[in-house]
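**Student:** how would this look folded up:
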Amino acid sequence: MDPHLLRTYVTVARLASFSEAARTLGYTQSAVSQHIAALEQDLGAPLLTRRPVAPTAAGGRLLEHAGPLLLRLDAARADVARMAAAPEAGLTLAAAPTALGPAVLAALPASGVTLRVLARDAVPAAVATGTADLGLVDGLAAPSDPLRLPDVAPLSTHGVAEEPVCVLLPDTHPLARRAGVRLGDLADARWLDAPDAGLPLAQLRAAHAGGFRGALRYEGTDVRALTALAAAGHGLTVLPRTAASGVPGAVAVPVVEPRLVHRTELVCAGAPRGAAGVLAGVLLGCR
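**Tutor:** This is a model prediction of the structure:
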């Protein structure tokens with residue numbers, strides 16, 4: 001399967017337009033049509049309806065494969081280029097917002113760093129494709145257990161830090177004066193669904209086998225906005241202790257059952273060199 005044809009197909013399907021795809025890719029509309037026809041002939045199945053432009057059943061299945069396939073190709077290109085290139089003085093660090101704890105922030109050099117705060121699942125892809133030199137991901141885990149990351153490329157991960165997790169409650173909540181809470185007692189409460197700014201509800205469901213429905217969805221990476229929503233009573237959220245502490249109008253109550261920690265891991269493609277290697281050494285020395 002020709003990856004150029006596959007990229008054209010993904011673009012047409014995403015934009016639902018041959019002409020818009022042609023403008024985006026810098027091709028003529030005729031060339032785009034030829035690409036789609038060649039891919040359909042190669043696979044022996046129609047992939048798009050024309051009016052409206054939409055994936056067929058076979059085309060939808062191809063889209064499920066296309067993202068990981070193209071990401072792997074980009075990762076392979078970036079990996080080879082990274083090995084051939086000389087180390088650079090500066091570096092780009094991609095991080096999930098709640099992975100930026102005090103120890104991590106203190107470890108950053110005074111200059112030469114570009115910090116990209118991304119959705120949690122986008123961090124490994126950024127490292128794999130070379131748009132970031134290092135990545136920091138985080139999530140809920142049993143103590144000392146590694147995180148489960150998407151398999152986007154041959155990446156290595158290293159534990160950087162673990163800290164307790166807390167439920168952030170409005171200070172008027174009936175449980176706000178508790179010394180600790182069990183997640184199971186809050187499974188049916190109103191929750192904030194903030195997969196990129198907080199710890200995802202899917203991880204809470206996995207830890208408790210159900211419950212934890214979102215009452216309000218927040219699509220952003222600003223932890224401060226998330227904590228303000230919790231303090232205003234729009235729903236509960238689970239955060240690492242350092243992120244949940246000191247929020248006006250809210251109380252951080254430790255989770256005592258199940259036994260969980262907030263784990264942060266460093267993501268690398270190969271052995272970091274240059275400035276990336278120095279920062280990796282400092283971060284791993286903070287453990």
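**Student:** Strands of the stretch 1-150 of the chain, start to end?
**Tutor:** 48-50, 53-55, 91-95, 113-117, 134-141 (DSSP state E, counting those that start in this stretch).
**Student:** same question, the stretch 151-287 of the chain
**Tutor:** Assignment of strands within the stretch 151-287 of the chain using DSSP E, counting those that start in this stretch yields the ranges 156-163, 165-170, 181-182, 191-193, 214-217, 237-240, 250-257, 261-268.
**Student:** Report the contact partners of residue 124.
**Tutor:** By C-beta atoms under 8 Å, 6 or more residues apart in numbering, the residues touching residue 124 are 135, 137, 149-150, 152-153, 155, 267. Where you see a C-beta, it was placed from the backbone N, CA and C, and this is true even at glycine.
**Student:** 10 Å - rerun?
**Tutor:** For residue 124, the contact set (C-beta atoms under 10 Å, 6 or more residues apart in numbering) comprises 71, 75, 94, 118, 132, 135, 137, 149-153, 155, 157, 267, 269.
**Student:** of these, buried ones?
**Tutor:** In the contacts of residue 124, burial by neighbour count holds for 71, 75, 94, 118, 132, 135, 137, 149-150, 152-153, 155, 267, 269, counting by 16 or more other C-beta atoms under 10 Å.
**Student:** Redo those as JSON lines? Include distance to residue 26 and pLDDT.
**Tutor:** Listed next are the buried ones among the contacts of residue 124 as JSON lines, based on distance: C-beta to C-beta, whole Å; pLDDT from 0 to 100:
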{"residue": "71", "distance to residue 26": "21", "pLDDT": "78"}
{"residue": "75", "distance to residue 26": "23", "pLDDT": "72"}
{"residue": "94", "distance to residue 26": "28", "pLDDT": "96"}
{"residue": "118", "distance to residue 26": "27", "pLDDT": "94"}
{"residue": "132", "distance to residue 26": "26", "pLDDT": "93"}
{"residue": "135", "distance to residue 26": "30", "pLDDT": "95"}
{"residue": "137", "distance to residue 26": "34", "pLDDT": "95"}
{"residue": "149", "distance to residue 26": "34", "pLDDT": "80"}
{"residue": "150", "distance to residue 26": "30", "pLDDT": "75"}
{"residue": "152", "distance to residue 26": "27", "pLDDT": "70"}
{"residue": "153", "distance to residue 26": "27", "pLDDT": "69"}
{"residue": "155", "distance to residue 26": "31", "pLDDT": "87"}
{"residue": "267", "distance to residue 26": "32", "pLDDT": "94"}
{"residue": "269", "distance to residue 26": "29", "pLDDT": "87"}
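**Student:** returning to that earlier point: make JSON lines from the strands of the stretch 1-150 of the chain and add distance to residue 279 to it.
**Tutor:** JSON lines is the format used below for the strands of the stretch 1-150 of the chain (distance: least, C-beta to C-beta, whole Å):
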{"stretch": "strand 48-50", "distance to residue 279": "45"}
{"stretch": "strand 53-55", "distance to residue 279": "42"}
{"stretch": "strand 91-95", "distance to residue 279": "6"}
{"stretch": "strand 113-117", "distance to residue 279": "8"}
{"stretch": "strand 134-141", "distance to residue 279": "6"}
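**Student:** how about these, which one is nearest residue 18?
**Tutor:** Closest approach to residue 18 among these (C-beta to C-beta): strand 53-55, 6.5 Å.
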